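A.B. asks: Below are the sequence and a predicted model for it; my questions follow.
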Amino acid sequence: MKVVCFVLRNKLVSISFFYCVVPSHCWYLFSEILHLSVGNSIVDIGKYWLSSERYVVVNMVTTAILWSIWKLRNDFCFQKIGWKSMEVLLFKILGTLKSWAVLCPGEKKEILSGYMEEIKEMARRVRWLADFQKRDVG
């Protein structure tokens, strides 16, 4: 399976992080989890950095998403790893958040833990839906 690398010039950076099918669907799922509109653009995410104390956990989650999308792009381009599933991307994001949890202020850790549980649940639902669709087609 041949994978086309993300091209990163001018507006194509935005396309790589926001408008391609996988990132777009990922942002949609996280808008549901966070109960906020995130992922339409870098400005949409950046506005929460202005109130960094209030949105520290949201900022951690959106940064983990961006980081995981970037790493996914690198896997495609440099490791020749093909697309597996949205579930895999969600668990990459979850793993990143787990490793960054030590950076979360003590009073916000419970909120972060709640979001991480919701991510696990979303990954299970995405997997169940994919399995259901395979059975329905096959």
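C.D. replies: Yes, it's here.

A.B. asks: C-alpha only now, for contacts and for neighbours.
C.D. replies: OK.

A.B. asks: contacting residues around residue 38?
C.D. replies: By Cα atoms under 8 Å, 6 or more residues apart in numbering, the contact set of residue 38 is 27-28, 30-31, 44-45, 62.

A.B. asks: Now it: phi and psi?
C.D. replies: phi -130, psi 150 (degrees, to the nearest 10).

A.B. asks: How much space separates it from residue 63?
C.D. replies: As for residue 38, its distance to residue 63 is 11 Å (criterion: Cα to Cα, to the nearest Å).

A.B. asks: Residue 28: helix or strand, and which one exactly?
C.D. replies: helix 21-34 (DSSP states H and E).

A.B. asks: neighbouring contacts of that helix?
C.D. replies: For helix 21-34, the surrounding residues in contact (Cα under 8 Å, 6+ apart) are 16-18, 37-40, 58, 69, 86, 90, 115, 118-119, 122.

A.B. asks: Out of those residues, which end up buried?
C.D. replies: Among those, those buried by neighbour count (16 or more other Cα atoms under 10 Å) are 16-18, 38-40, 58, 69, 86, 90, 115, 118-119, 122.

A.B. asks: got these as TSV, with pLDDT columns?
C.D. replies: Compiled in TSV, the buried ones among the contacts of helix 21-34 are given as follows (pLDDT from 0 to 100):
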residue	pLDDT
16	78
17	86
18	85
38	93
39	88
40	87
58	97
69	94
86	93
90	97
115	98
118	97
119	97
122	95
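
A.B. asks: tell me the contacts of the closest residue to residue 97 other than its chain neighbours?
C.D. replies: Spatial nearest neighbour of residue 97, chain neighbours left out: residue 64 (6.4 Å); criterion: Cα to Cα, 6 or more residues apart in numbering. Taking Cα under 8 Å, 6+ apart, we find residue 64 in contact with 93, 96-97.
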